[in-house]
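Trainee: Next one to model:
(chains A and B)
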There are 2 protein chains.
Amino acid sequence: MTEAELNERANEKARKRKAARDRMLATKTEEKGLLIVHTGKGKGKSTAAFGLIARAIGNGMRTGVVQYVKGKWETGERVVLERFPDLAEIRTMGEGFTWDTQDRARDIAAAKRAWEVSKEMIEACRVDRSKGEKPKYDMVLLDELNIVLRYDYLPLEEVVEFLDNRPEDLHVIVTGRNAKPELIEAADLVTEMTQIKHPFREQGVKAQKGVEF
Amino acid sequence: MTEAELNERANEKARKRKAARDRMLATKTEEKGLLIVHTGKGKGKSTAAFGLIARAIGNGMRTGVVQYVKGKWETGERVVLERFPDLAEIRTMGEGFTWDTQDRARDIAAAKRAWEVSKEMIEACRVDRSKGEKPKYDMVLLDELNIVLRYDYLPLEEVVEFLDNRPEDLHVIVTGRNAKPELIEAADLVTEMTQIKHPFREQGVKAQKGVEF
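Mentor: Numbers count the residues shown, from 1 in each chain, chains lettered A, B, ... in the order given. Alright, predicted model coming up:
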């Protein structure tokens, strides 16, 4: 086949693809807040959630973040979000849960405090728009909530029911490996990050600024 | 088991986990620029890459972004990155490749221009640190490069070889579904994003600001 024939064939295929996509898009009309879950053992769960938050801020949306696992790896994120003080609020639960913690009782208490803050943030979005009320946030990230659910530090049924009954315009993102099936069931959009290759484990490369933290 | 016994057992397990992790970390000493690939059919590939770029910027690192697919969905990202003009440079290739394009010849030309710019950016990081020279970027994102490789718009072997021989301190991120096996082979860190549930396809919900763009 000549290059010109290749081009013509590719262009014809693209026209058909566009037509099919346009037909599909025309059927999608509902707009609502989504419950988004990032899970799996691979990297990128919290990073993609941070990307969603940053992009939302860039679009002028108001966002709230609750960190269930106290990170040492948050300087970069904070510096960026702090440039938009009116649009981003980050709450970290005191000492919080850490990967190094060896105190289950303290972790449970921290998880409960974080959940109380999460509920407050979400409730602050339950408004009556017909009265001109505006929700406090457009998007709320519950970072690593899956971890504390996995350890049964919070009552799963209560958490899922609360998230399921969130204010209808609010986007909520939940991250962390081992998402509970009940949460996946309630979610609108679930992505699993799978590790195909990791230098940290396989190649003796250490964690590096900008990549790991 | 009493709550106190549960706590003690969990704490003991956590102590062992921490000790094992510390031993593992002690063996990881190498520091080098990583070739990172985000692929798979799920969401979050470019969003997680944007998250990495934003976090790097928050850490004071210099970043460059080449967009292989011209997006309509980039306002949010741009607003954030433009707050850090010294640390972020975004290059979009003119009309570029779009999902709606029906002109293969133009797409190939756009892909070639984008690759030339990518090479320039990466070469600008090939410096002699012993002479006090500093690379122009610490992290470069080639967003959706996988797409144009998949359509054979660029010579795969040349691209992979060039990326494999990148300056040693430079982190390069490549995104897009259908990553070529040769690229995965050359990469240090590969994450596959898998779609478990998607409202767009399954529930008639339309693309929304802050989530899809």
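Trainee: So which other helices or strands are in contact with the helix or strand harbouring A:L141?
Mentor: Counting by DSSP states H and E, the element that carries A:L141 is strand A:139-143. When contacts are defined as 3 or more Cβ pairs under 8 Å, 6 or more residues apart in numbering or on different chains; DSSP states H and E, strand A:139-143 sits against helix A:45-58, strand A:63-69, helix A:104-123, strand A:171-175. For the C-beta atoms, the positions are set from N, CA and C on the backbone; glycine is no exception.
Trainee: would you turn those into a markdown table with distance to B:R9, mean pLDDT and mean neighbour count?
Mentor: Below are the helices and strands packed on strand A:139-143 laid out as a markdown table (distance: least, Cβ to Cβ, whole Å; pLDDT from 0 to 100; neighbours: other Cβ atoms under 10 Å in any protein chain shown):
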| stretch | distance to B:R9 | mean pLDDT | mean neighbour count |
| --- | --- | --- | --- |
| helix A:45-58 | 28 | 95 | 27 |
| strand A:63-69 | 21 | 93 | 25 |
| helix A:104-123 | 9 | 93 | 19 |
| strand A:171-175 | 27 | 97 | 27 |
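Trainee: Now render those as JSON lines, adding distance to A:D143.
Mentor: Formatted as JSON lines, those follow (distance: least, Cβ to Cβ, whole Å):
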{"stretch": "helix A:45-58", "distance to A:D143": "6"}
{"stretch": "strand A:63-69", "distance to A:D143": "5"}
{"stretch": "helix A:104-123", "distance to A:D143": "10"}
{"stretch": "strand A:171-175", "distance to A:D143": "5"}
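Trainee: okay, those in TSV with distance to chain B next?
Mentor: Converted to TSV, the helices and strands packed on strand A:139-143 look like this (distance: least, Cβ to the nearest Cβ, whole Å):
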stretch	distance to chain B
helix A:45-58	3
strand A:63-69	9
helix A:104-123	4
strand A:171-175	6
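Trainee: Tell me which of those approaches A:K16 most closely.
Mentor: Closest to A:K16 of those, according to Cβ to Cβ: helix A:45-58, at 31.1 Å.
Trainee: list the buried ones in the lengthiest helix in chain A?
Mentor: The residue-count maximum for a helix in chain A (DSSP state H) belongs to helix A:3-26. For helix A:3-26, burial by neighbour count (16 or more other Cβ atoms under 10 Å in any protein chain shown) applies to A:N7, A:A10, A:N11, A:A14.
Trainee: Can the helix or strand following the strand holding A:L141 be said to contact chain B?
Mentor: Downstream of strand A:139-143, the next assigned helix or strand under DSSP H and E is helix A:145-150. No. Helix A:145-150 lies out of reach of chain B by Cβ under 8 Å from any Cβ of the partner chain, never closer than 12.6 Å.
Trainee: what packs against the helix or strand just after helix A:145-150?
Mentor: Later in the chain than helix A:145-150, the nearest helix or strand by DSSP H and E is helix A:156-164. In terms of contacts (3+ Cβ pairs under 8 Å, 6+ apart), helix A:156-164 is packed against helix A:104-123, helix A:145-150, helix A:181-186.
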